[in-house]
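> requesting a structural model of the entry that follows:
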Amino acid sequence: MSVLKNMWKMFCLIAQFNRKYWWMCLAYVFIRIFHPFCLMYFIQGFIDGVLGVGDVYWMQTSLVLLGLHILGACLLVILENFIQLEQKGMMVDMSALFCKKAAEMDYEGTENPQVLAEMDRASYVLIFGDSWSAYLNAVNNTAISIGGFAFCLMVVSKVPVYFVAGILLLSLVNILYNMAAQRKNYALYREQVPLERRWRYFNKLACDVEYGKTMRVFDLKEYIRRRGEENRAEHFGLYRRILRREERRSFFQGLSGSGIEVGIMAVLAFQVYAGKVTIGGFTIILNAAKQLAGNMTQLFLGIVGLYQNNKYIDDFFVFRERPSKLRKTAKALPENWGGESSPSAPGKIELKNVSFAYPGTSRMIVKNINLTIEPGERLMIVGENGAGKTTLVKLLMRLYDATEGEVLYNGINVKDYEYDHYMAHFSAVFQDFHIFDISVYENILFGGASSPEERRRGDELLRHTGLWERVESMGKGGDTVLTRRLEEGGTGLSLGQQQMLAFARAVYKDGGTIVMDEPTASLSSLAESRLYQKFQELSAGKTAVFVSHRLSSSSFCDKICVLQDGEIAEYGTHRELMEQNGIYAGMYRLQAQYYVV
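Model (predicted):
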C-alpha cells in the first residue's frame with residue numbers, strides 16, 4: 001500500500017511541474033509494449049510466406065510490420081531522450097520543494113538529531129538523482145511488463161498450461177528473493193546515513209578555510225585522517241555486505257533465467273515435432289515465450305525497483321509532509337485586532353508564567369518568567385552562562401513555544417498569529433550569525449539587491465556601520481562576493497566587520513523589535529561604542545532586546561533583567577540594580593575595574 005500511496009503522490013507532484021511528461025510516458029509505454037511484437041509477427045509471416053504456408057498478403061503485411069518496427073525504434077529513441085531530460089529537469093523542482101520545506105520547518109527540527117537524519121535521508125533523492133530516475137523508470141517498466149505479459153500470454157496459448165505456470169512460479173520466487181534482499185539493503189542504508197554525515201563533517205574540517213588556522217596551530221591533520229579512516233572503514237563494511245547480497249541475487253537470477261530458456265526450447269521442439277505449430281509459429285512462440293519470461297523478470301525487477309526506491313521516495317515525502325507545530329495554531333483574528341499594525345511598528349510583549357524545557361527533556365531551562373516589554377523599550381538580559389538568556393530570546397521570537405504559560409504580543413497569544421506575520425515583527429543579530437557566500441548587497445538586502453533604490457538604502461547602512469570605506473576598496477564594491485571559494489575577485493571580512501554587516505542586515509529588515517544576542521562579542525571597545533551609538537540612531541522608536549555578558553550597553557537600556565538558573569533574579573533600571581547591590585551590581589563592578597586607570 002505504501003508503494004501505491006507514494007506512486008499516487010508522485011503522479012500528483014509531477015503533474016504540478018510537467019503534465020506533458022506523463023503523456024510522453026504513456027506513449028513510451030504503449031510503443032514499448034507492442035514494438036517487439038511487430039518484429040515477431042514480421043518474422044513469422046515472412047518465414048511462413050516463403051515456405052508457402054502463409055496467407056496471400058504475407059509480403060504486404062510483412063513490410064507494414066517491418067515499417068512499424070523501424071518507426072517504433074525511432075520514436076523510442078526520441079521519447080527516451082525526452083523522458084531522461086525531463087527527469088533531470090524535475091530535479092530542480094524537487095530541490096526547490098526540499099529547500100522550501102527545510103527553510104520553513106520548525107526551528108526545533110534544526111536542533112533535533114532525529115529530524116536531521118530524516119532530512120538527510122530525504123535529500124538522498126536529490127543528491128543521488130539516480131534513485132529518483134530509477135523510481136520513475138520502475139513505474140514505466142512495471143506498466144510495460146504488465147502489458148507485454150498479457151500480450152505474450154495470448155501468443156503462447158498453444159504452450160501447455162503447466163509450463164506457463166512453471167515460468168510464473170520461478171519468477172515469483174525470484175521477486176520474493178529480490179524483495180527480501182532489498183529490504184535488508186535499505187536497513188543497511190539507514191545505518192550509513194549518520195556515517196555519511198560524519199564523513200562530510202570531517203571533510204569540512206580538512207577543507208574549509210573557517211577551520212584552517214585551528215587545523216594548523218593544533219596540527220590536527222593526523223587526527224582528522226585517523227577519524228576519517230575509522231569512519232570510512234565502518235561505512236565500507238556496510239557497503240561490502242550490500243555487495244555480497246547483490247552478488248547472491250544476481251547469481252540466482254542468472255540461474256533461474258537459464259533454466260527457463262532451456263525449458264522453452266525443449267517444449268517448443270516437441271510442439272514442432274508433433275506438427276502442432278509451423279516453423280514460423282515456432283519462431284513467434286519461441287520469441288513470445290522468451291519475451292514472457294523477460295516480461296516476468298522485468299515485472300519483478302520493476303516491482304523490486306519500486307519497492308527499493310520507494311523507501312527513499314517515502315523518506316522524501318515523510319520529510320516534506322512533516323507537520324509544523326508552530327504554524328498550525330494560527331487563528332482567524334478579527335479585523336480590528338491589536339496586532340494589525342505594520343511589522344516595523346513596535347509592539348507590547350508579555351510573558352506570563354512562562355516555563356520551558358527543550359523537547360525530549362524534562363529540565364526546565366527557564367522557569368515561571370513574568371516579564372513585560374513595552375513598545376519602544378530597551379531591555380537588557382544578563383546572567384551567567386547557562387542561565388537561560390538565549391532560550392528566553394528564542395521564546396520571544398517564537399523559535400519555540402513555551403512549555404507552560406503564554407507569550408503575548410499586543411495582548412494576543414503569539415500562537416494565534418500567522419507564523420510568518422509574527423516573525424516579520426522581529427529583526428535579529430545572533431551570537432552565531434552567518435555571512436553568506438554572496439555579494440555585500442545581497443547579504444544586507446537579499447531579494448532587494450537588484451533595486452537601485454534599495455541599493456541606496458544599503459549604501460546608507462554601510463556608511464552608518466563604518467563599512468563603507470572597506471566595501472568601496474573591494475574590486476566590485478557592494479557587488480563583491482564575500483568568499484574566495486566561489487568567484488575570482490571575491491574577498492573576506494574580519495569577524496568584527498562581519499558582525500557589523502549582520503547588524504546592517506537586521507536594521508534593514510526594519511522589524512518593530514530588534515534582538516541583539518551578544519552583538520559586540522567580536523568587536524573592539526571602540527567599535528562597540530560606535531555600534532551602540534549608531535544603533536540608538538537607527539533604531540529610534542524600536543523595541544530592543546539585548547543579551548550580553550558585556551554590560552556597557554546597560555547605560556542606554558531602560559530596563560535590565562538578570563537571570564539566574566532560569567529565573568528572574570533581579571529586574572529594574574541600572575540605577576535601581578546598582579542600589580540593590582546584588583548580582584548585577586557585582587557583575588558591573590567586576591567588569592568596570594578592568595577599565596579603571
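> domain ranges for the chain?
Per automatic domain parsing, the structural domains of the chain span 14-320, 341-435+493-592, 437-492.
> mind listing the strands for this structure?
For the chain, the strands defined by DSSP state E occupy 349-356, 366-373, 378-383, 404-409, 412-413, 426-429, 513-517, 543-547, 559-564, 567-572.
> and these: which comes nearest Tyr124?
In terms of CB to CB, the element of those nearest to Tyr124 is strand 426-429, at 32.7 Å. Placement of C-beta: from N, CA and C, glycine included.
> run me through the strand neighbours of that closest one, direction for each.
Applying DSSP bridges, strand 426-429 is found paired with strand 513-517 (parallel).
> thinking again about what came up before, possible to save the strands of the chain as TSV with mean pLDDT, distance to Gly148 and mean neighbour count?
As requested, the strands of the chain are arranged in TSV below (pLDDT from 0 to 100; distance: least, CB to CB, whole Å; neighbours: other CB atoms under 10 Å):
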stretch	mean pLDDT	distance to Gly148	mean neighbour count
strand 349-356	95	61	18
strand 366-373	94	66	19
strand 378-383	91	70	24
strand 404-409	94	63	18
strand 412-413	91	61	16
strand 426-429	89	60	23
strand 513-517	89	64	24
strand 543-547	90	67	24
strand 559-564	93	71	22
strand 567-572	94	73	17
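> distance to Asn18 added to these, as JSON lines?
Below are these laid out as JSON lines (distance: least, CB to CB, whole Å):
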{"stretch": "strand 349-356", "distance to Asn18": "45"}
{"stretch": "strand 366-373", "distance to Asn18": "49"}
{"stretch": "strand 378-383", "distance to Asn18": "51"}
{"stretch": "strand 404-409", "distance to Asn18": "43"}
{"stretch": "strand 412-413", "distance to Asn18": "43"}
{"stretch": "strand 426-429", "distance to Asn18": "38"}
{"stretch": "strand 513-517", "distance to Asn18": "43"}
{"stretch": "strand 543-547", "distance to Asn18": "47"}
{"stretch": "strand 559-564", "distance to Asn18": "54"}
{"stretch": "strand 567-572", "distance to Asn18": "57"}
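> how about those strands, which one is nearest Met59?
Of all the strands of the chain, strand 426-429 sits nearest to Met59, with 82.0 Å by CB to CB.
> hmm, who's touching that closest one?
Strand 426-429 is contacted from outside by 396-397, 499, 502-503, 505-507, 509-517, 519, using CB atoms under 8 Å, 6 or more residues apart in numbering.
> make a ChimeraX selection of the buried ones in these.
To isolate the buried ones among the contacts of strand 426-429 in ChimeraX, judged by 16 or more other CB atoms under 10 Å, type:
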select :396,397,499,502,503,505,506,507,509,510,511,512,513,514,515,516,517,519
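> out of the strands of the chain, nearest to Arg19?
strand 426-429 (40.7 Å).
> distance check, Ala96 against Ser344.
30 Å (CB to CB, to the nearest Å).
> ugh, wrong one, Arg198
On the measure of CB to CB, Arg198 and Ser344 end up 44 Å apart.
> swap in Phe270?
Distance, Phe270 to Ser344, by CB to CB: 89 Å.
> which one of these two has more residues nearby?
Remark: of Phe270 and Ser344, Ser344 carries more neighbours, 14 against 11, as counted by other CB atoms under 10 Å.
> ramachandran angles for the more buried one?
With angles defined as degrees, to the nearest 10, Ser344 sits at phi -80, psi -10.
> ok, it - contacts?
By CB under 8 Å, 6+ apart, the contact list for Ser344 reads Asp510, Gly511, Gly512.
> nearest to Asp120 among these?
Distances from Asp120 to the contacts of Ser344, taken by CB to CB, are shortest for Gly511, at 32.4 Å.
> what's the local residue count around Trp8?
So Trp8, with other CB under 10 Å, has 10 neighbours.
> next up, the contacts around Leu13.
Contacts were defined as CB under 8 Å, 6+ apart; by that measure Leu13 touches Leu97.
> how about Ala27?
Per CB under 8 Å, 6+ apart, neighbours of Ala27: Leu75, Leu79.
> check what pLDDT it gets.
According to the prediction, Ala27 has pLDDT 93.
> and for Lys331?
The model reports Lys331 with a pLDDT of 67.
> Tyr211 now?
63.
> burial measure for Ile78, as a count.
Residues near Ile78, counting by other CB under 10 Å, number 12.
> surely Trp199 touches Ala233?
No. Judged on CB atoms under 8 Å, Trp199 makes no contact with Ala233 at a distance of 11.3 Å.
> and those two? which has more neighbours close in?
Taking other CB under 10 Å, Trp199 and Ala233 do not tie; Trp199 has more neighbours (17 against 9).
> ok, and the closest non-adjacent residue to that one?
Closest residue to Trp199 apart from its sequence neighbours, by CB to CB, 6 or more residues apart in numbering: Asn231 at 5.3 Å.
> for Gly147, same thing?
Closest residue to Gly147 apart from its sequence neighbours, by CB to CB, 6+ apart: Ile33 at 3.9 Å.
> against Val318, how distant is the spatially most central residue of the chain?
When CA atoms, centre = their mean is applied to the chain, the residue found nearest the centroid is Phe98 (4.2 Å). Using CB to CB, one gets 12 Å for the distance from Phe98 to Val318.
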